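[1] fold the following, please.
(one chain, ligands or ions: 1)
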Amino acid sequence: MTSLEIEGAAEQIAADTELAADIQGFTPGTPAGSVSDVFLTGATGFLGVFLLEELLDRGLTVHCLVRAADVDSARDRLHANLETYDLSESTATDRIRVVPGDVTLPKFGLSDDDYAELAGRIEAIYHTAAKVNFLTPYKWLRKQTISGTHEVLRLACAATAPLHHVSTLGVFGTTENTDPRGELDTTGPAADMPLGYTKSKWVAEQLVLEADNRGVPITMHRPAQVWGDSKTGACQKNDFVWRFITGSIQAGVYPRNFRLKMNLVPVDYVCATIAAVAAQEAALGGIYHQIGPAAIDSDTIRDFIRSAGFEIKEVSIIKWLKAISADVDNAMFPLIRTTMLMEQEEPLLFTDHLTRRFLDGTGIECPSIDEKLFGTYASFFVRHGHLPAPAQSA
Ligand SMILES: NC(=O)c1ccc[n+]([C@@H]2O[C@H](COP(=O)([O-])OP(=O)(O)OC[C@H]3O[C@@H](n4cnc5c(N)ncnc54)[C@H](OP(=O)(O)O)[C@@H]3O)[C@@H](O)[C@H]2O)c1
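    So this is what the prediction gives:
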């Protein structure tokens with residue numbers, strides 16, 4: 001196994017998945033279809049801000065937990081993030097309520113009165129907050145994962161509000177068995193996962209699933225690698241595939257025969273699906289996958305880059321690594337150690353049969369990432385200064 005870390009032993013992980021006794025089942029206070037006020041974590045992040053937009057589009061009032069000293073700076077952070085993703089003009093900001101707090105603190109760091117008021121208002125919880133960093137070892141994520149997951153579950157109990165938890169397809173890890181993984185297939189084992197990030201997401205899932213066993217109403221959502229908005233191209237620049245693309249364009253070289261193959265899925269589809277599924281009472285207790293129509297390989301990405309007008313020369317992987325390592329300002333430089341983890345002989349495939357059942361009649365369909373959509377993404381990156389204009393590339 002290629003591994004960035006050897007810590008995160010099975011015993012430690014098993015202990016971390018023990019759910020506190022105070023989290024116990026309840027009946028939702030409001031039927032899923034009649035919810036009007038929801039609580040959202042992670043709205044200053046990428047997926048979270050698009051989920052915010054989707055929930056607002058559905059007419060909901062969204063109470064957003066934001067790490068900040070006070071309401072004004074929390075609001076400023078949220079608005080800055082809407083601008084980052086070209087969302088500030090389309091968003092119904094009058095239905096956003098900011099809650100300054102930290103998901104890992106007891107009651108998020110709110111006073112008892114503020115916490116009680118929040119619990120009295122909200123009718124569903126969408127939890128996307130997480131430390132998404134492929135370089136952080138599990139031992140530095142475990143405390144955040146354990147307390148963060150417990151705190152959103154405690155709020156769910158206090159508010160009698162279902163928890164809609166955002167996980168990742170990374171919880172399947174990699175094993176000899178290459179059968180496509182469906183929503184109900186076995187995940188883990190976490191101890192074999194090379195990234196602390198995926199270990200921590202698996203641990204969070206176990207806590208949420210134990211809460212489900214105790215009767216806490218939940219839905220669990222596992223997106224594939226999330227790419228930008230299919231209409232505007234807005235995407236996060238820290239996504240590792242985009243860092244790989246940006247770094248290759250910056251260096252003017254692309255690795256030949258690189259065994260990268262990934263399922264990539266536009267963020268607007270992911271968020272529309274999460275919100276549509278969560279709005280259905282019958283979906284409670286279920287696990288749902290948000291995947292693109294097909295996995296995309298390295299040669300296809302190379303062709304997309306060229307069709308968007310960027311010049312790249314194919315070189316051996318060694319030469320590509322040398323070119324990236326030679327420039328500390330290269331977008332891929334910080335992730336160079338993870339490059340080999342991106343290579344897979346046989347990438348895992350996934351299915352989404354249960355999810356599709358809940359999308360019937362909604363009109364929600366996942367767009368394919370093709371040359372045209374890649375061009376829309378590239379234009380967003382050029383417009384925001386994350387990529388050189390094609391004519392200026394190496
Ligand atoms: N991006 C993907 O391709 C992908 C794929 C599958 C699953 N997911 C899942 O989707 C979720 C969002 O991912 P992302 O890529 O959008 O990540 P992101 O851009 O890094 O956003 C993470 C969010 O979590 C918040 N957060 C972290 N620690 C917090 C804390 N202690 N208290 C309150 N908020 C905290 C961050 O707030 P600050 O701004 O204060 O740091 C930020 O708003 C994660 O659960 C991730 O596992 C993402």
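
[2] drop to CA atoms for contacts and neighbour counts, all remaining ones
    Noted.

[3] mind listing what the residue nearest to residue 195 when sequence neighbours are not counted touches?
    The shortest distance from residue 195 to any non-neighbouring residue, by CA to CA, 6 or more residues apart in numbering, is to residue 134 (6.1 Å). Applying CA atoms under 8 Å, 6 or more residues apart in numbering, we find residue 134 in contact with 195-197, 338.

[4] I'd like the next helix or strand past the helix or strand bottoming out on mean pLDDT in the chain.
    Across the helices and strands of the chain, mean confidence by mean pLDDT, DSSP states H and E is lowest for helix 339-342: a mean of 74. Next in sequence after helix 339-342, counting helices and strands by DSSP states H and E, comes helix 353-359.

[5] please enumerate the strands of the protein.
    37-41, 61-66, 96-100, 124-127, 163-166, 218-223, 225-227, 253-255, 261-266, 287-290, 295-297, 313-315 (DSSP state E).

[6] sorry, back to before: reformat the contacts of residue 134 as a markdown table; add neighbour count.
    Below are the contacts of residue 134 laid out as a markdown table (neighbours: other CA atoms under 10 Å):
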| residue | neighbour count |
| --- | --- |
| 195 | 26 |
| 196 | 27 |
| 197 | 24 |
| 338 | 18 |
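
[7] filter those down to the ones in helices?
    Within the contacts of residue 134, residues falling in helices by DSSP state H are 196-197.

[8] name the nearest of the contacts of residue 134 relative to the ligand.
    Proximity of those to the ligand (CA to the nearest ligand atom) peaks at residue 197, which lies at 7.8 Å.

[9] give me every residue in this protein lying close to the ligand.
    41-48, 66-67, 102-104, 128-132, 166-168, 223-226 (CA under 6 Å from any ligand atom).

[10] select only the buried ones of those residues in PyMOL?
    Here is the PyMOL command that selects the buried residues among these (16 or more other CA atoms under 10 Å):
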select buried, resi 41+42+43+44+45+46+47+48+66+67+102+103+104+128+129+130+132+166+167+168+223+224+225+226
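
[11] if you count neighbours, what's buried in stretch 88-101?
    In stretch 88-101, counting by 16+ other CA under 10 Å, buried: 88, 91-93, 96-101.

[12] by pLDDT, give me the weakest of those residues.
    Minimum pLDDT for these is recorded at residue 91 (72).

[13] got the phi/psi numbers for it?
    phi -90, psi 140 (degrees, to the nearest 10).

[14] would you mind measuring from it to the ligand?
    17 Å (CA to the nearest ligand atom, to the nearest Å).

[15] now residue 387
    19 Å.

[16] swap in residue 248?
    20 Å.

[17] just the pLDDT at the residue lying closest to that residue once chain neighbours are set aside, thanks.
    Excluding the flanking residues, the one nearest residue 248 by CA to CA, 6+ apart is residue 254, at 5.5 Å. With respect to pLDDT, residue 254 scores 97.

[18] could you do residue 192 as well?
    Model confidence at residue 192, given as pLDDT, is 80.

[19] so what's residue 308 closest to, chain neighbours aside?
    residue 375 (5.4 Å).

[20] quick one: contacts for that neighbour?
    So residue 375 contacts 304, 307-308 (CA under 8 Å, 6+ apart).

[21] list buried residues within these.
    By 16+ other CA under 10 Å, these give 304, 308 as buried.

[22] which of the contacts of residue 134 has the weakest pLDDT?
    The model is least sure about residue 338 among the contacts of residue 134, giving it 78.

[23] okay, residue 314 and residue 304: tell me how far apart.
    14 Å (CA to CA, to the nearest Å).

[24] can you check residue 260 too?
    14 Å.

[25] chain neighbours aside, what residue packs nearest to the most centrally placed residue in the chain?
    Nearest to the geometric centre of the chain sits residue 47, at 5.6 Å (CA atoms, centre = their mean). Closest residue to residue 47 apart from its sequence neighbours, by CA to CA, 6+ apart: residue 267 at 6.6 Å.

[26] so who does the one you found touch?
    For residue 267, counting by CA under 8 Å, 6+ apart, the contacting residues are 47, 50, 226-230.

[27] out of those, which sit inside helices?
    47, 50.

[28] for the stretch 1-150 of the chain, give me the ranges with low pLDDT.
    Low-confidence segments of the stretch 1-150 of the chain (pLDDT under 70): 1-8.

[29] go again with 80.
    Residues of the stretch 1-150 of the chain meeting the criterion pLDDT under 80: 1-9, 89-91.
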